[in-house]
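Chemist: The sequence and its predicted three-dimensional model are supplied below.
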Amino acid sequence: MRGTSFSRFGNELHSGKRSYPFVAKRNLWFLIAGIAVLVSIIIPVVKGGFNLGIDFRGGSEFTVSDTQNTEVGVGEEAVTDVVPDAVPRVTNIAPETMRIQTEQLTDDQTLEVRDNLISAYGVGEDQVTSSFVGPTWGEDVSRQALIGLVVFILLAAVLMTIYFRTWKMSVAAMTALVVVMIVTAGLYSLSNFEVTPSAIIGFLTILSYALYDTVVVFDKIRENTEDLDLSTKRTFAEQVNLAVNQTLVRSINTSVVAVLPVASILFIGALLLGAGTLRDLSLALFIGIILGTLGTIFIAAPMYAFLRINEPEMKKQEKKVRNRRLQEAEAGSSETSALTAHGSTAHGATSRG
Amino acid sequence: MPRTAPGTAAKRTLVWLGVLLALLATLLGAGSYWSNASWSPRLALDLEGGTQMILAPRAQGGGEITPEQLDQAVEIIRQRVDGSGVAEAEISTQSGQNVIVSLPGTPDAETRELIQASAQMEFRPVLFGGPGQAPAAETPTPEDQLPAPTAEPTNASDPNWITPEIFQEFEATNCLDPAALEPPEEPAPADQPMVACEPDSQGKYILGPVEVPGTDIDSASYGLQTGSQGQSLNSWAVNIDFNDEGTRTFREVTERLFAIDQGDPRNQFAIVLDGRIVSAPTTNAVIPDGNPSISGNFTEESAAALAEQLKYGALPISFEIQSEQQISATLGADQLRLGLIAGLIGLVLVAVYSLFQYRLLGLVTIASLVVAGLLTYLAICILGWTENYRLSLAGVAGLIVAIGQTADSFIVYFERIRDELRDGRGMISAVENGWRRAKRTVLASKAVNLLAALVLYFVAVGNVRGFAFTLGLTAIADLIVVFLFTHPVLRLLARTKFFGEGHAWSGLDPKRLGVTPLYRGAGRIRKPADTLPVPARARNKAAAGEAERRLTIAERRIAEQQKAMAGRGRNPENEESK
């Protein structure tokens, strides 16, 4: 039964019997993260920027829903009839839904195009919606989003420094956060989805989620490393790694539970509603939640360990642990050495059992 | 924590939750009975259908716009839209930058122009005044008695401006009728007389052509009036500061008006904003320095209000439509329906996964989600009533996303309990200890969520706000639920046979969690033979060692006592009362 094996998995992670070398192999994770960040920066540059939605370009947009006719030409004609030199972009964004985007129209033109579309696609008046976006609107949204981003990161960094009483946790968490943001943006660019204000909302929510996830894991790390100086059982890096492993089941469960509703919005949004608030928001979130969980495990926690292990006290403690293990190995007590071996798996890659 | 009777404490906490829910429901019920509250959330435009315009104010001359000026602008748009007869229009500012106008249906071109036009402030001389009501329809002044101009008017105060037409218009105007207070579709020509109402005094006037435009005002302030000796009097006055051009023209105007007898309405001048008179003071002196002071029956508030209006006149703001969205009611209903379906699917998936992972403990997750949902729903309805909060599609998305984050609090808690069980604790103390550790984590992580929601809410424009709002709201609901529902329920469940003894389907089965408990009921204690084969044994020791290391001194002491007591074969009740 899977449930059984999953809880055994959890038990083994808790005791340290099964252990994944999140901290020990940190250089590998940092390398992968570095490459991912680099690629994520290169992709939009090579592609010539993001695929910006109408909110960033400015213009008029019409949506025709519940139409049997999904021909593109009909929509183009409806616009060029009114504004001969317009270059409308007509797309079939979802079953029975057409979207027509064009440059900014005047009020009268908008009404005329609307009437044209109603007759061209053979729909009722209720089935055509129109919107108009000024060219500076998207800039406003992104500028505010950027302010929000900076304010949030600063406040969250202060909050975490106060709560955990070490700025190193803050720095580690923020590093992971920045990596997650950049890679999410890169993947979004790769998907060629339009960047809309909704996508930006999703993007900002990742901030909240990724950091939330990091706080939960860091709280366990804090607990595990609280009175490290009294113990010679594990080194600091091993304690951090144990904490990540012990919260791994939680991390998996949480990300699954968080991703499930988002996936259902993405599914409904993409399949039935087409481009729009729900789809754009949930795609950014979907990528972000998965990356946020990975970022905590593979970047934030190892980064924290990396920032602390060179502190003199940590070095001293590590020496003590090593000495104890050496002595115990010499003493040759079979049970103790088995224990030590298990303890050290927290550092190595192998798991026994 | 009352360690003596956690069961009673848990029951008491649940009662408090019940009281909280009942209070919220009663509040909403009372609101819907005596006021206009509703049992369903108010919907935003994208779900209800209608038009939403986001306007950016533009100052003439391109200056910066202060929040006070923006508030004034909103006030003016509100008066215009209300006046144009559009019901249920909503106007608000966002982030101190934009004005959001939401209208049901599709506004006509006139309404749109009205909203965008800049407000005009003007100073005009009064030609004729009277009470606000129109005379009864039967008794208009007969044609032959109408005042008729005898010559071309020589200055703005000349009664020759009053033509029979304007006098008839004056008579027909009823300033008590709200329609008369509607802003004109087109501003009255500056070089022509006009009829205007003064809403505050309910008076109506015929006014001469514009003498000083509002743009000639440099600034305006209010304060206590100063007497002739410079001493402070106990009455409020509004002070205007004209620029050079205004100073010159206003001196000419006051020279002319001051010459007219004080009892004559022509001694007055009117400050007109958007076709309405905001004040019509009499002229008590010639003002040569461009710093007139308006006194009268001002309270501090009314003086402040007039000063604000005058400042606004000094900087007329027009509006540029930044974005406009027209959504038909059917599309809105469609989006809402699909959003709710998505939420339902998400909820079912989360429920199934919880049951799969946590067995019957998953039911606690589901029940907690239901309680959190109920709290959020009531809060949204109440906020819709008191704060006019409207649920948008982005808000619905926020609610759906929140399902996962809310469920996580329970996951953190459950995993902690499991950790405690793995360390060999009894069920009841595992719940208590797990809670003590989980509580910190939940509080810290929810603080991050709340912080994000707050920052997003305060800096965000457009849709982002609705989303941030629901995220914050659900974070609070989550905290309430995990403290007042999930934890007490688990405390009670830990005392039941099913969960307390870790039934295989309880999700807290110690055997499944890889632990042979210290105590296994009916006086039996762990014997060496009960423990698992060798590798597992080593693991358990590692686990116990790890657990021991993690304990605080107090906990270690408790654990030692528990071990000692377990040796004596005591029952779980004793363990708890320790």
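Modeler: On my side now, so go ahead.

Chemist: tell me the SS of residue A:84?
Modeler: Local secondary structure at residue A:84 is given as coil here, using DSSP: H, G, I helix; E, B strand; the rest coil.

Chemist: roughly how far apart are the residue sitting nearest the centre point of chain B and residue B:34?
Modeler: Averaging the C-alpha coordinates of chain B gives a centre point, and the residue nearest to it by Cα atoms, centre = their mean is residue B:387 (5.6 Å). According to Cβ to Cβ, to the nearest Å, residue B:387 and residue B:34 sit 18 Å apart. C-betas here are computed from N, CA, C, even on glycine.

Chemist: repeat for residue A:290
Modeler: Spatial separation of residue A:290 from residue B:34 under the definition Cβ to Cβ is 49 Å.

Chemist: neighbour count winner among the two?
Modeler: More crowded of residue A:290 and residue B:34, by other Cβ atoms under 10 Å in any protein chain shown: residue A:290, with 17 against 8.

Chemist: part of a helix, is that one?
Modeler: Yes: going by three-state DSSP, the assignment for residue A:290 places it inside a helix.

Chemist: for the stretch 401-550 of chain B, what spans make up the helices?
Modeler: In chain order, the stretch 401-550 of chain B shows helices spanning B:427-459, B:464-481, B:487-493, B:497-500, B:534-550, with DSSP state H, counting those that start in this stretch as the criterion.

Chemist: Repeat that for the stretch 101-250 of chain A.
Modeler: Using DSSP H, counting those that start in this stretch, helices in the stretch 101-250 of chain A cover A:107-120, A:137-164, A:167-191, A:197-224, A:236-246, A:248-268.

Chemist: wait, which of those is closest to residue B:208?
Modeler: Closest of the helices of the stretch 101-250 of chain A to residue B:208 is helix A:107-120, at 35.4 Å (criterion: Cβ to Cβ).

Chemist: average model confidence for the closest one?
Modeler: Confidence over helix A:107-120 (mean pLDDT, whole number) is 83.

Chemist: ditto for stretch B:23-30
Modeler: 91.

Chemist: ok, and what's touching it?
Modeler: Stretch B:23-30 has contacts (Cβ atoms under 8 Å, 6 or more residues apart in numbering or on different chains) with B:37, B:39, B:375, B:378, B:379, B:381, B:382, B:385.

Chemist: Buried only: go through those residues for me.
Modeler: Neighbour-count burial (16 or more other Cβ atoms under 10 Å in any protein chain shown) is assigned, among these, to B:37, B:375, B:378, B:379, B:381, B:382, B:385.

Chemist: What is the nearest of those to chain A?
Modeler: Sorting the buried ones among the contacts of stretch B:23-30 by how near they are to chain A, with Cβ to the nearest Cβ, puts residue B:375 at the top with 18.0 Å.

Chemist: Is the strand or helix carrying the closest one positioned near chain A?
Modeler: Residue B:375 is part of helix B:361-386, with elements assigned from DSSP states H and E. No: Helix B:361-386 is not in contact with chain A by Cβ under 8 Å from any Cβ of the partner chain; minimum separation 8.8 Å.

Chemist: and that helix, what does it pack onto?
Modeler: In terms of contact count using 3 or more Cβ pairs under 8 Å, 6 or more residues apart in numbering or on different chains; DSSP states H and E, helix B:361-386 is assigned the packing partners helix B:6-34, helix B:329-358, helix B:393-422, helix B:464-481, helix B:487-493.

Chemist: and the second one with chain A, contact?
Modeler: Think helix B:329-358. Yes: Helix B:329-358 comes into contact with chain A when judged by Cβ under 8 Å from any Cβ, the residues involved being B:329-331, B:334-335, B:338-339, B:341-343, B:345-347, B:349-350, B:353-354, B:356-357.

Chemist: Can you turn the buried subset of the residues you listed into a selection I can paste into ChimeraX?
Modeler: Applied in ChimeraX, the following selects the buried portion of the residues of helix B:329-358 next to chain A according to 16+ other Cβ under 10 Å:
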select /B:330,331,334,335,338,339,342,343,345,346,347,349,350,353,354,357
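
Chemist: wait, what's in contact with residue 211?
Modeler: Unless you meant another one, I'm taking chain A. Residue A:211 neighbours (Cβ under 8 Å, 6+ apart): A:156, A:173, A:177, B:448, B:452.

Chemist: The intended chain is chain B.
Modeler: With contact taken as Cβ under 8 Å, 6+ apart, residue B:211 is in contact with B:123, B:124, B:125, B:156, B:249, B:250, B:253, B:269.

Chemist: Quick one: classify the fifth one as helix, strand or coil.
Modeler: In the three-state summary, residue B:249 is assigned as helix, counting by three-state DSSP.

Chemist: Which residue is the nearest non-sequential neighbour of residue 153?
Modeler: If you meant another chain, say so; for now it's chain A. Excluding its sequence neighbours, the residue lying closest to residue A:153 (Cβ to Cβ, 6 or more residues apart in numbering or on different chains) is residue A:174, at 6.3 Å.

Chemist: not quite, I wanted chain B
Modeler: Once flanking residues are discounted, residue B:153 sits nearest to residue B:160: 4.2 Å by Cβ to Cβ, 6+ apart.

Chemist: Surely that neighbour is in contact with residue B:147?
Modeler: No: in this structure residue B:160 lies outside contact range of residue B:147 using Cβ atoms under 8 Å: 9.2 Å.

Chemist: Show me the common contact partners of the two, please.
Modeler: Here residue B:160 and residue B:147 have no joint contacts, going by Cβ under 8 Å, 6+ apart.

Chemist: For the closest residue to chain B within the stretch 101-250 of chain A, which residues are in contact?
Modeler: When distances are taken as Cβ to the nearest Cβ, the stretch 101-250 of chain A reaches nearest to chain B at residue A:208, 3.3 Å away. Contacts were defined as Cβ under 8 Å, 6+ apart; by that measure residue A:208 touches B:448, B:449, B:452, B:453, B:456, B:471.

Chemist: Next one: it from residue B:455, what distance?
Modeler: Applying Cβ to Cβ, the value for residue A:208 to residue B:455 is 9 Å.

Chemist: Please apply the same query to residue B:165.
Modeler: Using Cβ to Cβ, one gets 59 Å for the distance from residue B:165 to residue B:455.

Chemist: between the two, which one's more packed in?
Modeler: Of the pair residue B:165 and residue B:455, residue B:455 is the one with more neighbours under other Cβ under 10 Å, namely 24 against 9.

Chemist: Quick check, the more buried one in contact with residue A:150.
Modeler: No: proximity of residue B:455 to residue A:150 does not meet the contact threshold set by Cβ under 8 Å, at 9.5 Å.

Chemist: Phi, psi for the residue nearest to the centre of chain B please.
Modeler: Residue B:387 has phi and psi values of phi -110, psi 0 when expressed as degrees, to the nearest 10.

Chemist: How about the one 5 residues further on?
Modeler: Summarising the backbone geometry of residue B:392 under the convention degrees, to the nearest 10, its torsions are phi -110, psi 170.

Chemist: again with residue B:297
Modeler: As for residue B:297, its main-chain torsions (degrees, to the nearest 10) stand at phi -80, psi 60.

Chemist: neighbours around it, how many?
Modeler: By other Cβ under 10 Å, 8 other residues sit near residue B:297.
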